[in-house]
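S.K.: model this:
(4 chains)
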Number of protein chains: 4
Amino acid sequence: MLKKKPAGSGQPIVKQIQFADQKQEFNKRPTKIGRRSLSRSISQSSTDSYSSAASYTDSSDDETSPRDKQQKNTKGNGDFCIKNIKQADFGRREIEIAEQEMPALMALRKRAQGEKPLAGAKVVGCTHITAQTAVLMETLAALGAQCRWAACNIYSTQNEVAAALAEGGFSVFAWKGESEDDFWWCIDRCVNLEGWQPNMILDDGGDLTHWIYKKYPNMFKKIKGIVEESVTGVHRLYQLSKAGKLCVPAMNVNDSVTKQKFDNLYCCRESILDGLKRTTDVMFGGKQVIVCGYGEVGKGCCAALKAMGSIVYVTEIDPICALQACMDGFRLVKLNEVIRQVDIVITCTGNKNVVVREYLDRMKNGCIVCNMGHSNTEIDVASLRTPELTWERVRSQVDHVIWPDGKRIVLLAEGRLLNLSCSTVPTFVLSITATTQALALIELYNAPEGRYKQDVYLLPKKMDEYVASLHLPTFDAHLTELSDEQAKYLGLNKNGPFKPNYYRY
Amino acid sequence: MLKKKPAGSGQPIVKQIQFADQKQEFNKRPTKIGRRSLSRSISQSSTDSYSSAASYTDSSDDETSPRDKQQKNTKGNGDFCIKNIKQADFGRREIEIAEQEMPALMALRKRAQGEKPLAGAKVVGCTHITAQTAVLMETLAALGAQCRWAACNIYSTQNEVAAALAEGGFSVFAWKGESEDDFWWCIDRCVNLEGWQPNMILDDGGDLTHWIYKKYPNMFKKIKGIVEESVTGVHRLYQLSKAGKLCVPAMNVNDSVTKQKFDNLYCCRESILDGLKRTTDVMFGGKQVIVCGYGEVGKGCCAALKAMGSIVYVTEIDPICALQACMDGFRLVKLNEVIRQVDIVITCTGNKNVVVREYLDRMKNGCIVCNMGHSNTEIDVASLRTPELTWERVRSQVDHVIWPDGKRIVLLAEGRLLNLSCSTVPTFVLSITATTQALALIELYNAPEGRYKQDVYLLPKKMDEYVASLHLPTFDAHLTELSDEQAKYLGLNKNGPFKPNYYRY
Amino acid sequence: MLKKKPAGSGQPIVKQIQFADQKQEFNKRPTKIGRRSLSRSISQSSTDSYSSAASYTDSSDDETSPRDKQQKNTKGNGDFCIKNIKQADFGRREIEIAEQEMPALMALRKRAQGEKPLAGAKVVGCTHITAQTAVLMETLAALGAQCRWAACNIYSTQNEVAAALAEGGFSVFAWKGESEDDFWWCIDRCVNLEGWQPNMILDDGGDLTHWIYKKYPNMFKKIKGIVEESVTGVHRLYQLSKAGKLCVPAMNVNDSVTKQKFDNLYCCRESILDGLKRTTDVMFGGKQVIVCGYGEVGKGCCAALKAMGSIVYVTEIDPICALQACMDGFRLVKLNEVIRQVDIVITCTGNKNVVVREYLDRMKNGCIVCNMGHSNTEIDVASLRTPELTWERVRSQVDHVIWPDGKRIVLLAEGRLLNLSCSTVPTFVLSITATTQALALIELYNAPEGRYKQDVYLLPKKMDEYVASLHLPTFDAHLTELSDEQAKYLGLNKNGPFKPNYYRY
Amino acid sequence: MLKKKPAGSGQPIVKQIQFADQKQEFNKRPTKIGRRSLSRSISQSSTDSYSSAASYTDSSDDETSPRDKQQKNTKGNGDFCIKNIKQADFGRREIEIAEQEMPALMALRKRAQGEKPLAGAKVVGCTHITAQTAVLMETLAALGAQCRWAACNIYSTQNEVAAALAEGGFSVFAWKGESEDDFWWCIDRCVNLEGWQPNMILDDGGDLTHWIYKKYPNMFKKIKGIVEESVTGVHRLYQLSKAGKLCVPAMNVNDSVTKQKFDNLYCCRESILDGLKRTTDVMFGGKQVIVCGYGEVGKGCCAALKAMGSIVYVTEIDPICALQACMDGFRLVKLNEVIRQVDIVITCTGNKNVVVREYLDRMKNGCIVCNMGHSNTEIDVASLRTPELTWERVRSQVDHVIWPDGKRIVLLAEGRLLNLSCSTVPTFVLSITATTQALALIELYNAPEGRYKQDVYLLPKKMDEYVASLHLPTFDAHLTELSDEQAKYLGLNKNGPFKPNYYRY
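M.R.: Numbering: from 1, shown residues only, chains lettered A, B, ... in the order given. The predicted structure follows:
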C-alpha cells in the first residue's frame, strides 16, 4: 500500500475516489516550477526512522479506532478525537522544546498580551499535527482565536502532540494512521458543529476548503478568508479564482519570499547532504554528481555538494538558470553526456520523466538515484518494475535495483522526495512558515472591507519583511535603521516595505 | 576639477547648468535600490591606468579641438567628428578582439544574413564609445539599421575605436575629453541633420532623449521607441511616464534579469577583489571587512571576500536581505559595533551618508574605505575635507586621509564607484548588455501596433531568455530541451518563456 | 553500564583490572596531537541506530554464550567461535557490497593471481570485525596468508560477517557483546593453538601485541613484524621501543599521509555535519559555532560548517595553526570571549578539560556541545553529574542537561567522539586503511633482513603513494606520468617517491 | 634584452660568464618540488607597471652612473653608492608605510630596547632593496647589528628607499638597473672594507655567499653563520654541504612552515586572480581552467578559481596530491584530455616542458597560458618562436601568439612567473619572511658553540611558532594558553613547540 500511495508527496489517492468529478483539477500540476510543499513534510517513513522519541510510544498503543473510544481530558472536555489522551505530558514536552526554536511565534504571543488581533476569530485548520503546529495553534489562541483542527495527512500526526492539545482544550481530530474515511470524518467534525461556525480557514493542501465547498457552501458567507500554504492548495485556489468560483479572499502564503528561500534554497542545501548520508553513508568528496534543474532547490543542492568536494554537473531547460549555473562554476550538460560516469543523480526539476529507463540502463554500478524536486514523477520508477530487474530492499528507504549483469542502482525513497522521506525539516524553517500563516490570518481577519476581493493574494511585502524581522533575534542579528534623511533620499518609509514587488532577492 | 565633477559616477554637472528647470528631476535618485549603471563604466582614471594599449596613443595627439578640424575617411566621407582618423587601424584591431568575446552579437549577425530585422531603422545612439559598442553598432548595421552616434560620457570614448567606426562609414561624434559644450554639440550633430530623421533611440543615461524632448519634440512622431539602459535614464523615463509626458514606448533594458545578475552579482564578485588589489595590494586573508548592504552587489562582494579568507560582517536595513546574510554565514551588525576593528569598509547600499565622519573618526589606522554602491553619496567624503585632516595622494585613485594623531584612512576613488574607477568590466558583461540592447531595438521596431503603448516596458522574458541562450556557447554549455510530453505536463511552450514574471532566480 | 564503559572511544576498562602493572603506560596519552583512531570506529550506538540491515537480525538471537555452543561450518570445520553460523549468507552479501567500494584490495587480489607475496605468512589479527575487515582478510588469504582473528572491541563485531568468515574457513573468534573475559579468551584462542604459530601481527589498539608480550613472549622469535593502526597502539609501541623492549620491527600505519588525511580532514569534513544532523536536526545556516582546535580535524569541521552558512570561531594554542585559521577566514578567539553567544561548541583538540563546567554554566539555552577530538576527555562531562543539574535522555546519544533556571545544554554522545558515535565511516575511508595495512604486512614480511630493525617505522613513502594510486580509479582520475627528461630534471624516479619525507601536503 | 634575461625569475646570466666553473652547479635545480622564491619577487615589469608612487620619480633621474658620482648624506657620510640621495624623504615615507604592516619587526624592536641580541653583529646582506627590507635592516640595527647591504637583483632596487637608508647611515650599494659588472662591484664594496669584517651573512640567492667563497674565503673564519632565504641559494648550500665544502652553519629559512604557507598557498590564492585580472581582465565565472600541479601553489590557485566560479581541472604526477585534488572536488585529468576545451592553462609544477608546443597547437582561440610555478621552464616558450607564428605585444606582460589560421594564444609574462611579474606581493607576506630572517640571525649569532655544526639547518620549530605568534596581533587573534594540567597531559611545554617536526599542518 505504501507503494501505491506515496504519503507526503502529493495528493492522497482518496480524493480520486470520493470526488471523481474534481479529479481533473487535482491532477493538473501547478504551473509554478521549482516549488515544493514542505507542508506535507513528515512522511510515514521519516517519522518511523529518524524522528524524535515521540514515535516510539506508538507501538504500545492498542488497536481500537479512536472513533470508537470515549475520550475526555482531565477537565472533562471531550470535544476531540485522538489516539490516547494519556500521552499528553509527553506531547507537552515536545511542544515546549519546539517553542524554544520558534521565537517569532513566542514574540507574537507577547505582543498579544495587550491587543488580541484575533479576538472573535473562529479558525478551522487542516495541517500536519506536529509540535510546531501546536505552537502555532496555541499562539492563535493567545491572539484571541478559537481553533478546531484536523490533520492534512493520514500519517503525519504526532499522537502525543495531539493529546497535549486536547488536554489543553483544543478540539483536535487527528491520529497517526487514519483511514481514508477517518480523514474526511475528522475534517467534518471540525466544521460541522452545532452553534459554532468558522470565520477563517487555515488550510494545507486544500482538502478542508474543498470539503466546505462541497458540503457546507453556505458557510462561506461568514468566512473572512482562506490562508493556504501548499503548492497544491494554492494551485486549486487559482483554478477556482480563474473559474470565478472563489467566494472569499485567499492568501497564498506559499509564495512569500522568506518561506520560499527557506523551503527551497536554504533547507535543501542542508537536506541533500543529510538525506544522502542517512540512507547511503556515501562519502561526498570526489564524487561525480549530476543535478537536474538549477532552480532554488537545484542551487541549494549544487552549492552543498560542491562545498563537500563533489564534482557537480547541471542540466537545465531555461537558458537564464543555465547561465547562472555556468557562472556559479558548474558544467552545463545534457544528462546523456555524463550518465555513464556519474556516481549520484539528483532530480530537482518539478518535471516528469527526467530520469527515464534509458538513462537508468546506462548508469554505472552503484549509482545513487534520488529526487529532490516536486512530487514523485521525476524518476520513471515504474519503468524499473519489470521482470528482468530484481529489487532488493537494503534499508528503510533504500532499494537496490539489480540488472541481469549484476549492476546495482541505489534508488532512494522509491523516487519520492528525498528531503521529506529521508531527512528532517528544521524547526526554524517550520517557524517561518507558521509565522507567515499567523500573520496572514491576522491580515485577512482585520483588513478593512474592500482591501481584499474574491481573489488570491500574496502576503503584503511588509508582512513578509515582518516575518523575517521576527526571526533575526535568533541569530543575534542587528538591523540598521534608516535615518529620516536617508529614508527621504531613498523615497522609502522607515519601516518598509524596502523593496519593489519585483525585487528578486 | 576632477574633484568637482565625479566622472563616471553619475550626472555630469553640466546638466544642472543648462537645464536648471529639470534639475530637480535629475537629482532625485531612482527608487530601485541596489542597481548601478555599468553603462557609465569606464571612467577617466581606469582608462588611464589600466586599460589596453589603446590609450597610450593619446599623448601624441595634438591639442586642436576636433570640432575645428576638417576630417574625411579614406572613402571621402566626412560626416563625423572624432579625434584622429589615422588611428582607425589600431581601433579596428581593438574591435576585432572584442568581437571574439561577443559571440551573441556575432551570432545575430549571422542570422541577419537572410532577414534584416532592422531594415529601414534609423537609430540614433548615445552611449560610451568603446570597442564593445562598436561591435554593437556594426551588428545593428548588419541587421539593416542606419546609425548616428554620440558619447554619453565626456571621458570614456576610445578615440581609436571612434576612428575605426568613422573609417567604416559610421557618423560618430565623440572624443575623449569633450567639454560640456562639446558634449551637447555632438548629440545635436547626431540628431539634427537635414533629410534624415531617427526612428529609434538607443540611450544610456537619458541625455539624448532629453535633448530631443527639449529641442526637437516633433521628432517623436516618427520615433517607434526608446531603448534605455541606465538606472538614471530609466528613472527619468518612469518620471516622464508618471507625468503623462512619455510619447513613445520605452524599453527598460536595465532591469532584465540577465543584465542585472551580470552587472551586479557576478561582475562585482570579481571586481571587488580586483579593485582592492590594484589600488592597495591588500592581502585578503584574515582581514575583517564590513560590507554595508546585502543586495546583489553586496552579495557578490561578500561571497568573494569570504572565499578569499576574509571575515565579513554585513549591515542591512531590509530584514529579508538581513536574514539571507545570516543564512549565508555573515554576522549581521550595525556599523558602529565593529567600526573600530575592521580593516576594510565597503558600501553597497545605494543610500547616502552610510559612512559618515563619526565612523571615519573611529576607524583604526590603515582602514581602507571604498564604495561599490550607486553614485558617490554613500561615503560622506565632504566631511573629510576639513582643515585638521591632511590628504595625501599615494597612487592614482588612492588617498591617505591623515588625522592629527597620525592615523591614516585609505580612501579609494574619493568615494566614487570602486569597480568603475579601479577595475575593469569584462567584455562578456558588456556583451550581455549590448545583446539586450540589440534585441530591444528589434522588438520595439518590429512590434505590431498596439503591443506597446506610451509606457516603460521590461524586455519580454522570452527575449531575456534568448539573450542568455546566445551566451551559453561561450561556456560550451548544452541546454536540455523539453519533450512534447514534458512541455505539456508543465504547461509550457517548448521554446519558453520558462518562468512566470515574478520568478526570483 | 554504557555510561561507565565508553565503547569505541579508548581503552577498555578491562585492562586496568587485569594488568594493573601496565596501567600507567596505558593511561598516558600519545604525544601526537590531533590524531584519532578510526580503527575504533563502530561503537555500539552507531551500529544500533543507523547502520545497515545487518544488525536487525541480532534481536532474534538466543542468549547462550557462543563459548558454550558447538559450532561447525558446512564443511565440518569448527575452529572458530562466533554468534551464529546460520547468518553466514547474510554476512556474505554485506561483504560483497563492501567489496564494490574497496577497489584497491580487489586490485591487490588480481595482482596476487601470479605471485603470492604472503605465501607462508601466518597472520594473527585483532581488529574490528566488519564487512570491510572481511574484505581485507580474504585479500590476505588470496595473497597467500593464513589468518586467525579476534575483535579489538567488545561491541563492534558484525555477527553476520563473522559467520560468513567462519563459513569461508577463517578461524574467527568474536561476537558482538563479548564480556571482558570473553575478549581475552578470544584473543588467546587466536594465538594459542598447538602446531601453529603466527609470524605476523596485525593489531588495532595493541591488545593482541600486549597479550603475546605477557603470555607468549617466546613467540616473538618467529614473528617478523607488527603492523599497528591505532593512535593508542602506536603510542604503546613507541613506549616499548623507547624502553628498549620492542623485539621485532613494527610498522606505524596510523601516520601514513593518506590515512591521516582521510581519517581526519576529509572524513571529519563530512561527519561533523552528519553527526550533528542525525542527533539534533539542527539547521547550520546562521548558527554561531566555536571549534576548539585547528588541526586536521578542526580544519575539516570548520570548512564544512562555513560552507553550510555557519559563523565559525576557532580557538588554538599553537600560533602556526592559529595563523592558518586566520588566513582561512576564522576569528581566533579564546573560548570565554564567545561562550555566551555560540549555538554549537565542538572540541577537536586531543586535549583534556577544554570545555569545563565554568564554560558550560555560561552557555546559552539550547547550546549543543560535542566532541570530535581524541577520546572523551575534552568535555568535562563529569562536572555535569551534580545534583542540581537534571539529565534528560531525549534521543539515543542526545542528553539535555538542565540547569535549575531551566537552561538546557544539548550534550551529544556524553562527550565521546561524535563522529564515531553518531555518524558512520564511509567504506572508502576504511578501504584506505585496510590497503595500508595489507601493504605494510607485505613490506615487513618480504623485507630483506636488516632493512628493518627492532624499531617503529612509518610506511615507506613509495607505498603510501601506492595506496593512493590504487584508489584513484574510483574517481576515474588519470595520473600524469613524468617523461624521462622531466624525471631527470627533477632528479626523481619516474615511479616515485615524488616528495621528500618532510613534505607537508 | 628583456627577452634574453628574464629578470626576477632565476639566475642572472652574469654568473655563467664570470664563474663558468661553477655553472653546472647553478644550473641544477633544487630537488624540492613546489617551492618558489618570493625573495626574487619584484621584477622590473611589476615595478614599472603597478607599484607605488616610488617609481615615477625615476624618469627625472640623470644618466650618470652612480659609481661615477660623489655622494654624501646630510651628515657628511659617503660610505654608500646609490642613485640619488635627494630621494631620501620620499623613501622614508615608503618605509614608514611599510612599518605599519610589519608589526612583528616593530615588536622585535620594542623588545630590543632592553637587550641587544645582535650587539656586536656585523651583518653583510644581499637581498632585494625595498621598503620592507629597509624595515628589516633598521630592525637589525635596533637589535645592535652593523649592516652593509647590496642588491640581489639588478632591477628590483627601490632607489628612494636606498636613498633613505643611506641618509639614515646605512652603507648601501644598490640602484635600479645595475649592469652585471655593477652587481658584483656593489657586493664587493659591501664586503671588502678595510678594518671591517662581517661575522654574519644574510643572503638571498647565494650570490653574496658565493662571492665570499671565491674572493675572501678567509673571512669565514670569523663568520658565525649564513641565513639564506631562496630556493636557489638553499640548494647551493645543500650542494656545498654535501660536497663537504660548507665551512659555517647555515640556516635554511626558505623551508620554515610559516614562510612556505604564506609564500605559496596563501599568497598564490590571491595572486593568481590578481595576475590574471591585471593582464587580461578575464571574467573567471564559468571559465574552464586547467591547473598543472596540486602542490601548495596549485592548491591555492585551484581554491581561488573554484571560488570565483571557474570549472577547474587538475593534472598531477604524485598519486597522493592527486587524491587530494579528487577529494577537494577537482577532476584529475591528463593535459591532453581537456586541452582543446579549456580557457586558461596554469602551470604550478616546478617541472620543465609541462606545456609543450603540441599542446599549444591544440588550444582553442583565446586560450590564456601562464606560469605560477618555479622559474620559467614550465611552458616551452622557445617552441613558439618559430617563423609561422606571429607575436603581438598587446600590453605590458601580455603577448598574443598568432597561428597561421588566425588562432591567438594569450601568453602572459613570456612564461615567467605570473605572480612575480604581474601581481604584487603583500607586505604581510614579506613581513613573515623578514621576521624569519631576523630570528634566524639572532639564533645563529647567539647559539652556544656546538649547537650548530657546518651544516644546513631548518629554523627550530619554536622560532617558527614565534614568527607566527608575532603576526597574530595583526588579526586581533587571541591565542589560548595551556593550563599546567593540560600541558602535562599533552606532554608539552606551555610555550611550545607544540608539534612534532613531521607535523604536516
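S.K.: Does residue A:140 touch residue A:119 like I think?
M.R.: No. At 11.3 Å, residue A:140 does not count as touching residue A:119 under the criterion of CB atoms under 8 Å. Just so you know, the C-beta spots here come from the backbone N, C-alpha and C atoms, and that holds for glycine as well.
S.K.: So if I had to pick from these two, which one is more boxed in?
M.R.: Ranked by neighbour count (other CB atoms under 10 Å in any protein chain shown), residue A:140 and residue A:119 place residue A:140 first, with 29 against 11.
S.K.: Against chain C, how distant is the more buried one?
M.R.: Taking CB to the nearest CB, to the nearest Å as the criterion, residue A:140 is separated from chain C by 24 Å.
S.K.: where's that residue relative to residue A:134, distance?
M.R.: When distance is defined by CB to CB, to the nearest Å, residue A:140 is 11 Å away from residue A:134.
S.K.: quick one: contacts for residue A:65?
M.R.: When contacts are counted by CB atoms under 8 Å, 6 or more residues apart in numbering or on different chains, residue A:65 touches residue A:182.
S.K.: And it, its phi and psi?
M.R.: Backbone dihedrals for residue A:65, given as degrees, to the nearest 10, come out at phi -70, psi 140.
S.K.: Grab the nearest non-local neighbour of residue A:94.
M.R.: residue A:131 (4.3 Å; CB to CB, 6 or more residues apart in numbering or on different chains).
S.K.: got it, and residue A:251?
M.R.: When the adjacent residues along the chain are set aside, residue A:251 lies closest to residue A:440, with 4.2 Å between them (CB to CB, 6+ apart).
S.K.: give me the element that neighbour is part of.
M.R.: Secondary-structure element containing residue A:440, defined by DSSP states H and E: helix A:427-446.
S.K.: Check which element follows that helix along the chain.
M.R.: Per DSSP H and E, helix A:427-446 leads on to strand A:456-458 as the next helix or strand towards the C-terminus.
S.K.: Pull the residues that contact that next one.
M.R.: The set of residues external to strand A:456-458 that reach it, using CB under 8 Å, 6+ apart, is A:234, A:237-238, A:241, A:246, A:249-252, A:255-256.
S.K.: confidence score at residue A:459?
M.R.: pLDDT for residue A:459: 91.
S.K.: mind checking how far it is from residue D:169?
M.R.: 74 Å.
S.K.: more crowded one of those two?
M.R.: Each of residue A:459 and residue D:169 has its neighbours counted (other CB under 10 Å); residue A:459 has more, 25 against 14.
S.K.: Count the neighbours of the closest residue to that one other than its chain neighbours for me.
M.R.: Of all residues not flanking residue A:459 in the chain, residue A:256 sits nearest, at 4.6 Å (CB to CB, 6+ apart). The number of residues packed near residue A:256 is 26, by other CB under 10 Å.
S.K.: Surely residue A:256 touches residue A:467?
M.R.: Yes. Applying CB under 8 Å, one finds residue A:256 in contact with residue A:467, separated by 7.2 Å.
S.K.: who in chain A is up against chain D?
M.R.: Counting by CB under 8 Å from any CB of the partner chain, the residues of chain A lying close to chain D are A:285-286, A:306, A:308-311, A:326-331.
S.K.: quick one: low-confidence ranges for the stretch 401-505 of chain A?
M.R.: Counting by pLDDT under 70, the stretch 401-505 of chain A shows no low-confidence range.
S.K.: thought the residue nearest to residue A:94 was touching residue A:93?
M.R.: No. Contact criterion CB under 8 Å: residue A:131 and residue A:93 do not qualify, at 9.2 Å.
S.K.: Give me the distance between residue A:190 and residue D:147.
M.R.: Distance from residue A:190 to residue D:147, counting by CB to CB: 90 Å.
S.K.: actually residue A:379, sorry about that
M.R.: Noted for residue A:379: a distance of 73 Å to residue D:147, by CB to CB.
S.K.: What of residue A:165?
M.R.: Summarising the geometry, the distance separating residue A:165 from residue D:147, computed by CB to CB, is 82 Å.
S.K.: The two - which one has more neighbours?
M.R.: Comparing residue A:165 with residue D:147 by other CB under 10 Å, the one with more neighbours is residue A:165, at 29 against 24.
S.K.: excluding its backbone neighbours, what's nearest the more buried one?
M.R.: Counting by CB to CB, 6+ apart, residue A:165 lies nearest to residue A:172, which is 4.8 Å off, once chain neighbours are set aside.
S.K.: doesn't residue A:80 make contact with the one you found?
M.R.: Yes. Counting by CB under 8 Å, a contact exists between residue A:172 and residue A:80, whose distance comes to 4.9 Å.
S.K.: overlap in contacts of these two?
M.R.: Among the neighbours of residue A:172, those also in contact with residue A:80 (CB under 8 Å, 6+ apart) are A:162, A:165-166.
S.K.: need the residues you listed in a markdown table with pLDDT and secondary structure, can you?
M.R.: Converted to a markdown table, those look like this (pLDDT from 0 to 100; DSSP: H, G, I helix; E, B strand; the rest coil):
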| residue | pLDDT | secondary structure |
| --- | --- | --- |
| A:162 | 98 | helix |
| A:165 | 98 | helix |
| A:166 | 98 | helix |
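S.K.: Closest one of these to chain B?
M.R.: Proximity of the shared contacts of residue A:172 and residue A:80 to chain B, judged by CB to the nearest CB, is greatest for residue A:165, which lies at 29.6 Å.
S.K.: Enumerate every residue touching the closest one.
M.R.: Applying CB under 8 Å, 6+ apart, one finds that residue A:165 lies in contact with A:80, A:91, A:129, A:134, A:137, A:149, A:172.
S.K.: Thank you kindly, that will do.
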